[in-house]
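Visitor: please work out how this folds:
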Amino acid sequence: MPGVWDVLSARLVRDAGISTAFLSGFAVSGTLLGRPDVGLLTQMEMADTARRVCGTVDDLNVVVDADTGYGNASNVIRTVELWESAGAAGLFLEDQVWPKKCGHMADKQVVPRDEWLTKLRAACENREHLFVTARTDARGAVTLDEAIERAKMACDLGVDALFVEAPESIAEMERIASELAGSVLVANMVEKGRTPLLTPAELADLGFRLIVSPLSLLLSATKAMQDAVRELAGSGTLRDRLATITPFDEFTGIVGLAEHKVREDRYR
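Guide: Okay, here's the model as predicted:
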């Protein structure tokens, strides 16, 4: 599940033949607000983004980050309603204290077990179709033992997948997979993050079935834009770097110019 943040990035994922994407709170916060993933993004800003992405790229399954649910159990129910109305296929719901932080940042805190479990129960009991993933950040905030215990308790509630965030070694990943065997497990592959960067085959061998690459596209696009704007600032042109950019006609194809022309001719 590559991370996306708008319709264009979602279309690129769909066009690459990938069936599922992750609408990343980190990526949306960075692109929509120009701010870090520290709990500044609101429920409605995420819902509006999800509506645009799911409504336009409707042949792509989109799992939408729900952070901590934006409040108590009642707020979680509202989040479920908004996500389903937007067309989301699923959500991630985590146990951090609000305002939360990116899972690979330091100094995270988690709420008491019962508070998180109540939110998960509210999500499961009030969804119509959403795939609910329980994410715990207790590995970094408390201990790996605590994270695994929380995941087991979430499993007992009937969530669809378990996500122990930011294990810091293959040995820790092996332990997670062993102690949570039989559950659908999520691996979060953040380039240069806290968790070892493994291939899908390596993760499958360990026992992880859902793989999120939340920042791969965002970080790649940011680097490409930085390189391009530095070249423009220095030489004023990309004339000698045309191989590094998407051709104009290819881009208009990505955003559906041909389909627009067909519709335009029909109603001319």
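
Visitor: pass me the low-pLDDT residue ranges in the stretch 1-150 of the chain, would you?
Guide: By pLDDT under 70, the stretch 1-150 of the chain has no low-scoring segment.

Visitor: which one's the longest helix in the protein?
Guide: Scanning the chain for the longest helix, with DSSP state H as the assignment, gives helix 216-235.

Visitor: for that helix, name the packing helices and strands.
Guide: Where contact means 3 or more Cβ pairs under 8 Å, 6 or more residues apart in numbering; DSSP states H and E, helix 216-235 is packed against strand 3-4, helix 7-15, helix 25-28. Every C-beta, even on glycine, is put in place using the N, C-alpha and C of the backbone.

Visitor: I'd like the mean pLDDT over the helix or strand following that helix, please.
Guide: Remark: after helix 216-235, the chain's next helix or strand is helix 248-254, criterion DSSP states H and E. Looking at helix 248-254 alone, the average pLDDT works out to 96.

Visitor: ok, R150 touching A141?
Guide: No - contact criterion Cβ atoms under 8 Å: R150 and A141 do not qualify, at 10.6 Å.

Visitor: helices of the stretch 101-250 of the chain, start to end?
Guide: Along the stretch 101-250 of the chain, the stretches classed as helices by DSSP state H, counting those that start in this stretch are 113-126, 138-141, 144-157, 170-179, 200-206, 216-235, 248-254.

Visitor: okay if I get the ones you listed as CSV plus distance to E94?
Guide: Written out in CSV, the entries for the helices of the stretch 101-250 of the chain read as follows (distance: least, Cβ to Cβ, whole Å):
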stretch, distance to E94
helix 113-126, 8
helix 138-141, 10
helix 144-157, 11
helix 170-179, 16
helix 200-206, 20
helix 216-235, 19
helix 248-254, 33
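
Visitor: quick one, what contacts the closest residue to R150 other than its chain neighbours?
Guide: The shortest distance from R150 to any residue other than its chain neighbours is 4.5 Å, reached at T136 (Cβ to Cβ, 6 or more residues apart in numbering). Shown in contact with T136 (Cβ atoms under 8 Å, 6 or more residues apart in numbering): 94-95, 110, 116, 147, 150-151, 154, 163-165.

Visitor: bridging across strands, which residues link to T136?
Guide: With beta bridges defined as DSSP bridges, T136 has these partners: V164.

Visitor: same question, I211
Guide: Under DSSP bridges, the residues paired with I211 across the bridge are A187.

Visitor: so if we follow the domain assignment, how does the chain break up?
Guide: Using automatic domain parsing, the domain parsing of the chain gives 3-215, 222-266.

Visitor: could you dump the helices and strands packed on helix 216-235 into JSON lines and include distance to V184?
Guide: Below are the helices and strands packed on helix 216-235 laid out as JSON lines (distance: least, Cβ to Cβ, whole Å):
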{"stretch": "strand 3-4", "distance to V184": "19"}
{"stretch": "helix 7-15", "distance to V184": "21"}
{"stretch": "helix 25-28", "distance to V184": "21"}
